[in-house]
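Engineer: Sequence first, predicted coordinates after that:
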Protein chains: 2
Amino acid sequence: MIFMNALEQILPSDRISDNETILEKHSADESYHTPALPNVVVFPKTTIEVSRVVKLASEFNVPIVPFGLGTSLEGSVIPYQGGITIDFSLMNQILEVRPDDFLVKVQPGVTRKQLGKELKKYGLFFSVDPGADATLGGMAATNASGTTSVKYGVMRDQVRNLQVVLADGSVVHTGNMAAKSSSGLHLNGLFIGSEGTLGCFTELTLKVHGIPEKMVAGRAAFTTLDNAVGAVIAILQAGIPVARVELVDASSMKHINLFSNTDYLEMPTIFIEFHGNEAGLQEDMNFTTEILEEHQCQDLAFEADTLGRNRLWEARHQTAYAFLHHYPGKKQMVTDVCVPISNLANAIKQGRAAMDASGLAGGIIGHVGDGNYHILMMIDAQNPEDIAKANKVNEQIVSYALSCGGTCTGEHGVGVGKAKYQLAEHGAALQVMKSIKDSLDPHHIFNPGKIFTDLN
Amino acid sequence: MIFMNALEQILPSDRISDNETILEKHSADESYHTPALPNVVVFPKTTIEVSRVVKLASEFNVPIVPFGLGTSLEGSVIPYQGGITIDFSLMNQILEVRPDDFLVKVQPGVTRKQLGKELKKYGLFFSVDPGADATLGGMAATNASGTTSVKYGVMRDQVRNLQVVLADGSVVHTGNMAAKSSSGLHLNGLFIGSEGTLGCFTELTLKVHGIPEKMVAGRAAFTTLDNAVGAVIAILQAGIPVARVELVDASSMKHINLFSNTDYLEMPTIFIEFHGNEAGLQEDMNFTTEILEEHQCQDLAFEADTLGRNRLWEARHQTAYAFLHHYPGKKQMVTDVCVPISNLANAIKQGRAAMDASGLAGGIIGHVGDGNYHILMMIDAQNPEDIAKANKVNEQIVSYALSCGGTCTGEHGVGVGKAKYQLAEHGAALQVMKSIKDSLDPHHIFNPGKIFTDLN
């Protein structure tokens, strides 16, 4: 109660809530992970307010969970130890667009689509597209990526500077506005992907790109998964600069057709996109077509106009929702390993075999240009048997990925779902990470239980 | 003496040296910074040997300086507190080339040119080219970059994994072989650019690229610096994907002609390069030519064959040596700020004015596509007046760069020369860096006095 009273000294009462509906809204993400309620949700509008809340939480040793839109897939925002959830939805201003510098400064609650709409006015775009319309703060917290990272990189590649509130309430900046720097230790990269365990982001300076002169997207169906993955590897090895290259398996194509009323061939399908000038793209497309045909491509269509391109990617982006729609009441466990490209075909085959053996329904999609793929498994989140089955598949997939030098999470983050794999993946380096966590957040108030399971 | 005896238990005596010539060779870099001798130089061949040396140094509280080839420009490898210099020249094996994964694993003593020669056999190349034939360990330690980073990125963008010996002698790995990862805290980025203050790198896994189908380089001279910089900004803003774009001022062109027996126009000159397929490049070159002509370009020549291209870049890379050759006995102070592109023209004009006011001779070159430029000032390193003049110019330039959101070092690192600007640049974040340093190297045995001046 003393804590709540103190909180009311910092924020107006209409931006502090322990209303049950609000608490519930902040108790879960889009994953199968068990929800848990925070004690209170606050809605700051400024960095100073965030700093005061954090300082207070530090004094009272109350856990803090930063919250964007709750689109996490690994429980990163679920407040398992209660405490304060800081909802950033009122910090949603695009603060500055610097078209000459290809930079934009935003508050953490700005969403990807909101930013895209604003940048379009300047002939610019933000390259990271994880599918969901997540907040940029959340995307930076998990080092999100998605379909375009094969060309433009992941969140960590786009962030030039963060304003961060640390555990003692102090406010620091982690970078600058220059295109490169060798000055001091690289805090930018460290905070990105830290999932709220080191501090709260209150401003982000992001790199943006000029909208390419020309974009062409294509779709190619194959009779076997092997041929589809083989074609992707051959395209990458030929050095063709793809902007996106996605794999969708036959089962996923079937659910896309059902959901989106499309009539795509229900075979393993590659979605691909090129960005560049007209003459260069034509040469890239010709070369790509040759490679696709060498891999017994059954059906090939390119879309050069915006409408056709959007329709094509919309279908791809709906895959997860198409499954959820088809299995009402069920949740999805989505795996997220990333492997070296040379291991990709085997990894996907092993993943498909593991899912088939489990008896769970689902599909495989992947950002295959990066060696990152997802198995979507439909489960009844109330049924411990389903969860056990899905966990077993996940364990087999992660174990394979680690055995070939990959990672347990390519883009979703660790949250609670991947914490158990951290020691296997990082070995003695996990202790280095813990030392850094201890030195920056000595009382472990920031998102306790995430990434590091055994810190209290 | 007890320490030396203990060292002899770890390494054969022919790989431990306190011979004066050897100590002197490890007392300086390529900069104007005052040399200082280490007490002993060791030449390990394996990670285990490095680990044992570090453990011993830790026990005896002896400073450790990792040493590649000594091409640093900020005194990063000068052992001002004596101790052990670990020379990595015997750890110079290319351990593995994985062409299918676009990865290579090397020991830290492998040089850039050595790697390039090996990769060529596979149709691959390593993209970071700082000019000097530095070791890859050293390049990672300073987060080096150079002419190609405008397209391919800096060292930090190429390193997938490091094997690092920590202060207690333990060996960790900081990453993996996947193209992306959201697993755990991002140690890779933190260790890169840490200049030997957090640990010793003993293995590096690096991203490599396929040699582009086609490369074209060009050279364009302008009557004014303003027109030259304006042309570069216009090219970037047009979204033309340049692979390199360099500025060389009139005074530097004059010294290049003297040194290389060339007859280039002695005017501000842009060196530019494109990588891609033939049709795309032609379109990029046409568009670029239009922009250059709009900016009153006086002389324009493209070189498509390897010989011509190499000759052109050789000239550019010789700039620093051309000045040194022209002023025998003098040293160079090289500034290294990086600013947002929109501030670049003003920054360079301010830099030129500051140098002119100082009375020092010198030139300006720059990786202008990144907003990073260098003023080369010729000084007599024994003459305190010269050093004071150069320091004053440097301070003015750094101050301007920081005032517009830039950085005091774009690619050379902090070493000792930029340590005094760390607080101004990073503010409260410098304390965060120090906390991390303290937690990973509590007794400050790794490269003491570098980056952080006030730790002992």
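Structural biologist: Nice, I can see it.
Engineer: how close does the residue of the stretch 201-350 of chain A found nearest chain B get to residue B:235?
Structural biologist: Proximity of the stretch 201-350 of chain A to chain B (C-beta to the nearest C-beta) peaks at residue A:280, 2.2 Å away. C-beta here means a position set from N, CA and C on the backbone, and glycine is covered the same way. As judged by C-beta to C-beta, to the nearest Å, residue A:280 and residue B:235 stand 16 Å apart.
Engineer: ok, then the element right after the helix or strand containing residue A:287?
Structural biologist: In the assignment (DSSP states H and E), residue A:287 maps to helix A:278-294. The helix or strand immediately downstream of helix A:278-294 is strand A:297-303, counting by DSSP H and E.
Engineer: helices or strands next to that following strand in the packing?
Structural biologist: Using 3 or more C-beta pairs under 8 Å, 6 or more residues apart in numbering or on different chains; DSSP states H and E, the elements in contact with strand A:297-303 are strand A:214-222, helix A:278-294, helix A:306-317.
Engineer: Tell me the helix or strand right after the last one.
Structural biologist: The reference is to helix A:306-317. helix A:319-326.
Engineer: Provide the strand pairings for whichever helix or strand comes after that following helix, with the direction of each partner.
Structural biologist: For helix A:319-326, the following helix or strand on the C-terminal side (DSSP H and E) is strand A:331-334. Next to strand A:331-334 in the sheet, as set by DSSP bridges, lie strand A:372-379 (antiparallel).
Engineer: mean confidence for the next helix or strand after the partner strand?
Structural biologist: Remark: after strand A:372-379, the chain's next helix or strand is helix A:384-403, criterion DSSP H and E. The predicted model gives helix A:384-403 an average pLDDT of 97.
Engineer: which other residues reach helix A:384-403?
Structural biologist: Residues from elsewhere that reach helix A:384-403, judged by C-beta atoms under 8 Å, 6 or more residues apart in numbering or on different chains: A:32, A:333, A:335, A:337-339, A:347, A:350-351, A:354-355, A:358-360, A:375, A:377, A:379-381, A:407-408, A:417-418, A:421, A:424-425, B:178.
Engineer: hmm, which of the residues you listed are the buried ones?
Structural biologist: Buried by 16 or more other C-beta atoms under 10 Å in any protein chain shown: A:32, A:333, A:335, A:337-339, A:347, A:350-351, A:354-355, A:358, A:360, A:375, A:377, A:379, A:381, A:407-408, A:417-418, A:421, A:425, B:178, out of the contacts of helix A:384-403.
Engineer: How about the helix holding residue A:287, which residues are buried there?
Structural biologist: Residues of helix A:278-294 classed as buried: A:279, A:280, A:281, A:282, A:283, A:284, A:285, A:287, A:288, A:291, A:292 (neighbour count, 16+ other C-beta under 10 Å).
Engineer: Next, give me the two most distant ones among those.
Structural biologist: A:279 and A:292 (20.6 Å; C-beta to C-beta).
Engineer: for the stretch 1-150 of chain A, what spans make up the helices?
Structural biologist: Using DSSP state H, counting those that start in this stretch, the helices of the stretch 1-150 of chain A run over A:2-10, A:20-25, A:47-60, A:112-120, A:136-141, A:149-152.
Engineer: With that, I have no additional questions.
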